[in-house]
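# give me the fold of what follows.
(one chain, ligands or ions: 1)
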Amino acid sequence: MQTLEEIVKALKEYDGDEVRIMEVCGTHTAAISENGIPAMLSPKIKLISGPGCPVCVTVTAVIDKLVELSMREDTIVLTFGDLIRVKGTDKSLADAKADGAHVRMVYSPMESIKLAEEDPAHTYVFAAIGFETTTPVYAMLLEQADKKNLKNLKLLTSLKTMPEVIRWVVKNGGGIDGFIAPGHVAAVTGSGIFEELSKELGIPFVVSGFEGAQLLMTIYALVSMKGKTGMKNLYKDVVTYEGNLKAKEAVEKFFEPSDSSWRGMGTIPGSGMTLKKEYLQFDAGSIGLDTDNMPAGCQCANVLVGKLRPYECPLFGKVCTPDNAHGACMVSTEGSCYNYFVSGRK
Ligand code: SF4
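A predicted model of the protein is given here:
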């Protein structure tokens, strides 16, 4: 087994065929930039950011619906993360809040239970976006709300799952030689689904942690596996083959697979989760939110599927910066444009 020094040297001096590796997790995108990994690689190893930032892939129809709900007298929209700053067709939730709409930031979805209990005169709507990692938290929230028979707590869901969007990217993005499988998602789903995807797509997957050394070992493994089928789990402290069975059970109780709309990709069959029929009393109007009116000139759609590097967008660093984000990929700290901008990544 190679030492880390040997791996670093091999990655810097690699002179074989070009290898295009996609990370499909926003936290990996951020970790790759923070650790300066692109500068440690041979120019023949290309890292490409994929559609794993939940804020970035949420279509404008979802933001528009949240804005509309927040302007109702009897409704308060709760959100966490950067979603508040992402523009819908006309405005973001932050703009709506500045106009007097009812929008509140929370640090955990579970806070919404207390808020709803203490204020029965208002309906609280949680902006439930995310991937397999976050959906179990929403299931826990619903478990509590159901037990307490809370009628004034609802979710506006835009929940995504990884396998179908990975299939979509392989078919439509083109030219990916290997995937850094998302570590947090794999902790819930298990590494097994990536083994199945590898067999089906004929592309290697390596499940990775988030530290610089872990990412370098993952990239080294993927370079060695180019052209081969296979899955390696290099994040065994956290990820098992089967995943977190309790979390999966909790999700299955409340949610079922559904079609879902992705920024720049349209509706991908079976790529999301929605509330089951028997729990639709908790839904704030999530069905059919598929319109995607991106800001003029924003290339997020192409960036998210690896067709364009963030710095290839004509607005990057000029009209669009983290302080004055034009598109969702520059808003989120997990967004490709944000990370390329703050790290100077090429
Ligand atoms: S730089 Fe800004 S405008 Fe361009 S793709 Fe990224 S987020 Fe959109």
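# going by C-alpha atoms from here, please, whenever you check contacts or count neighbours.
Fine.
# right, and Cys313 touches Ala301 too?
No: judged on CA atoms under 8 Å, Cys313 makes no contact with Ala301 at a distance of 10.8 Å.
# which one's more surrounded, the two?
Legend: neighbour count by other CA atoms under 10 Å for Cys313 and Ala301, higher for Ala301 (21 against 18).
# tell me the contacts of the more buried one?
By CA atoms under 8 Å, 6 or more residues apart in numbering, the residues touching Ala301 are 263-265.
# quick one: furthest residue from the center of the protein?
Ala121 (33.6 Å; CA atoms, centre = their mean).
# isn't there a helix covering that one?
No: per DSSP: H, G, I helix; E, B strand; the rest coil, Ala121 lies outside any helix segment and is coil.
# leaving aside the residues next to it on the chain, what's closest to it?
Asp74 (7.1 Å; CA to CA, 6 or more residues apart in numbering).
# helices along the stretch 201-346 of the chain, start to end?
Assigned by DSSP state H, counting those that start in this stretch, the helices in the stretch 201-346 of the chain fall at 212-224, 245-254, 300-304, 328-331, 336-343.
# closest to Ile63 out of those?
For these, proximity to Ile63 was assessed by CA to CA; helix 328-331 is nearest, at 11.2 Å.
# ok, Met162 - contacts?
131-132, 271.
# so the residue nearest to Ala121 versus His122, what's the distance?
For Asp74, the distance to His122 equals 5 Å [CA to CA, to the nearest Å].
# near the ligand, which residues of the stretch 101-250 of the chain?
Contact residues, the stretch 101-250 of the chain versus the ligand (CA under 6 Å from any ligand atom): none.
# residue ranges with poor pLDDT in the stretch 101-250 of the chain?
174 (pLDDT under 70).
# so which residue of it comes closest to the ligand?
In the stretch 101-250 of the chain, the residue that lies nearest the ligand is Gly173 (15.9 Å; CA to the nearest ligand atom).
# would you confirm that that residue contacts Leu304?
No: Gly173 is beyond contact range of Leu304, at 9.3 Å (criterion: CA under 8 Å).
# pull the CA atoms of stretch 167-182 into PDB?
Below are the C-alpha coordinates for stretch 167-182, written out as PDB (Å, rounded to 0.1, in the frame of the first residue of the first chain):
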ATOM      1  CA  ARG A 167     -27.600   8.200 -14.300                       C
ATOM      2  CA  TRP A 168     -28.800  11.400 -15.800                       C
ATOM      3  CA  VAL A 169     -25.400  13.000 -15.600                       C
ATOM      4  CA  VAL A 170     -23.700  10.000 -17.200                       C
ATOM      5  CA  LYS A 171     -26.100  10.000 -20.100                       C
ATOM      6  CA  ASN A 172     -26.300  13.800 -20.600                       C
ATOM      7  CA  GLY A 173     -23.100  15.300 -19.100                       C
ATOM      8  CA  GLY A 174     -20.800  13.000 -20.800                       C
ATOM      9  CA  GLY A 175     -17.200  11.900 -20.400                       C
ATOM     10  CA  ILE A 176     -17.100  11.100 -16.600                       C
ATOM     11  CA  ASP A 177     -14.500   8.400 -15.800                       C
ATOM     12  CA  GLY A 178     -15.200   8.100 -12.100                       C
ATOM     13  CA  PHE A 179     -17.300   9.400  -9.300                       C
ATOM     14  CA  ILE A 180     -16.400  10.400  -5.800                       C
ATOM     15  CA  ALA A 181     -19.500   9.000  -4.200                       C
ATOM     16  CA  PRO A 182     -21.100  11.300  -1.600                       C
END
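# now that stretch: buried residues?
By neighbour count with 16 or more other CA atoms under 10 Å, stretch 167-182 contains the buried residues 167-170, 173, 176-182.
# from the chain's centroid, how far away is stretch 141-156?
25 Å (CA atoms, centre = their mean, to the nearest Å).
# contact partners of it?
Contacts for stretch 141-156 (CA under 8 Å, 6+ apart): 62, 66, 109-110, 112-113, 116-117, 120, 122-128, 254, 281-286.
# of the residues you listed, select the buried ones using a PyMOL command.
A single PyMOL command is used to select the members of the contacts of stretch 141-156 judged buried by 16+ other CA under 10 Å:
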select buried, resi 62+66+109+110+112+113+116+117+122+123+124+125+126+127+128+254+282+283+284+285+286
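# so which of the contacts of stretch 141-156 belong to strands?
Judged by DSSP state E, the contacts of stretch 141-156 include 123-128 as members of strands.
# in a markdown table: the residues you listed, plus distance to Leu245.
Converted to a markdown table, these look like this (distance: CA to CA, whole Å):
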| residue | distance to Leu245 |
| --- | --- |
| Thr123 | 32 |
| Tyr124 | 30 |
| Val125 | 28 |
| Phe126 | 25 |
| Ala127 | 25 |
| Ala128 | 21 |
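# check contacts around Ala39.
Counted by CA under 8 Å, 6+ apart, Ala39 has contacts Arg345.
# do you know how far it is from Glu5?
Following CA to CA, the distance that separates Ala39 from Glu5 is 15 Å.
# next one: Leu93
For Leu93 relative to Glu5 (CA to CA), the value is 47 Å.
# Glu334 now?
From Glu334 to Glu5 the distance is 28 Å (CA to CA).
# again, but for Leu304
32 Å.
# more neighbours: those two, which one.
Neighbour totals were compared for Leu304 and Glu5, and Leu304 leads with 30 against 10 (other CA under 10 Å).
# of all of the stretch 1-150 of the chain, which residue lies closest to the ligand?
Cys56 (8.7 Å).
# bridging residues for the residue lying closest to Ile180 once chain neighbours are set aside?
Nearest non-adjacent residue to Ile180, counting by CA to CA, 6+ apart: Glu23, 4.8 Å away. As for beta bridges, Glu23 partners with Ser49, Ile180 under DSSP bridges.
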